[in-house]
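Chemist: Okay, here's the prediction I keep looking at, along with the sequence it came from:
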Amino acid sequence: MRREILIGGFGGQGVILASVILGRAAAVYEGYYAVQTQAYGPESRGGASRAEVVISDEPIDYPKVIEPDYAILLSQQAYDKYLGLVKDGGLVIIEEDLVPHRNKEREKGKNIYPYPLTRIAEETTGLSLTMNILTLGLFVGLTGIVKKESIKKAVLDAVPKGTEEINLRALSKGFELAKGL
């Protein structure tokens, strides 16, 4: 099984960190092969940011995403640019507050999950910065691509010391959102 995940947004949303955490959960805690790649603009905040994760149960011969099974689109620019790449039947999570101009025709054949992710993160933890972790919880809850315990361990490995509790709260909220569907 080869699974391709594309995460697109802008600098400051934690796009790259989310992809690293997901790859780590798959490789370190589940024993899969995983490759993470990234691309971003010269600005540290506000510029376009894209990350890809390929997870497989056999060695990965090509590390780039070709036709994503899953996409997490956190900005209008990412939505406009990457939605068309997602395979038919693919799952797409959208940050609906930051993607005000959706095209229902282009979404046909895909499983779309729009949420005000940043707003929910702020309501849950008081910090919009936890949106990426909340989104990982939602993604794992919806797809089961890795076990909840594995993503939890990978989050704890990656977040700064002293922020573990708040990030776990965001992750749990993401699981909860998925459970409600």
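Modeler: Ah, there it is.
Chemist: hey, let's count contacts and neighbours off CA atoms from now on
Modeler: Will do.
Chemist: what about this protein, any weak spots by pLDDT?
Modeler: Along the chain, segments meeting pLDDT under 70 span 42-46.
Chemist: mind listing the strands for it?
Modeler: 2-10, 33-40, 48-56, 70-73, 91-95, 111-115 (DSSP state E).
Chemist: Buried by neighbour count: which residues of the second one qualify?
Modeler: In other words, strand 33-40. For strand 33-40, a neighbour-count test (16 or more other CA atoms under 10 Å) marks 33, 34, 35, 36, 37, 38, 40 as buried.
Chemist: go on, the first one?
Modeler: Neighbour counts using 16+ other CA under 10 Å place 3, 4, 5, 6, 7, 8, 9, 10 of strand 2-10 among the buried residues.
Chemist: Just put those residues in TSV and tack on distance to residue 94.
Modeler: Shown next, in TSV, are the buried residues of strand 2-10 (distance: CA to CA, whole Å):
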residue	distance to residue 94
3	19
4	17
5	14
6	12
7	10
8	10
9	10
10	13
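Chemist: so which of those residues comes closest to residue 177?
Modeler: Checking the buried residues of strand 2-10 against residue 177 with CA to CA, the nearest one is residue 7 at 18.9 Å.
Chemist: Not counting its neighbours along the chain, what's nearest that closest one?
Modeler: Once flanking residues are discounted, residue 7 sits nearest to residue 72: 4.7 Å by CA to CA, 6 or more residues apart in numbering.
Chemist: number of nearby residues for the one you found?
Modeler: 29 (other CA atoms under 10 Å).
Chemist: now residue 61
Modeler: 6.
Chemist: residue ranges of the helices in this structure, please?
Modeler: 15-30, 76-82, 104-107, 117-125, 131-143, 148-158, 164-179 (DSSP state H).
Chemist: Looking at these, which one is packed in the most?
Modeler: Highest mean neighbour count among the helices of the chain (mean count of other CA atoms under 10 Å): helix 131-143, with a mean of 24.
Chemist: Run through who's touching that helix.
Modeler: Identification of contacts with helix 131-143 by CA atoms under 8 Å, 6 or more residues apart in numbering yields 13-15, 18, 22, 93, 117-118, 120-122, 146-148, 151, 155, 167, 170-179.
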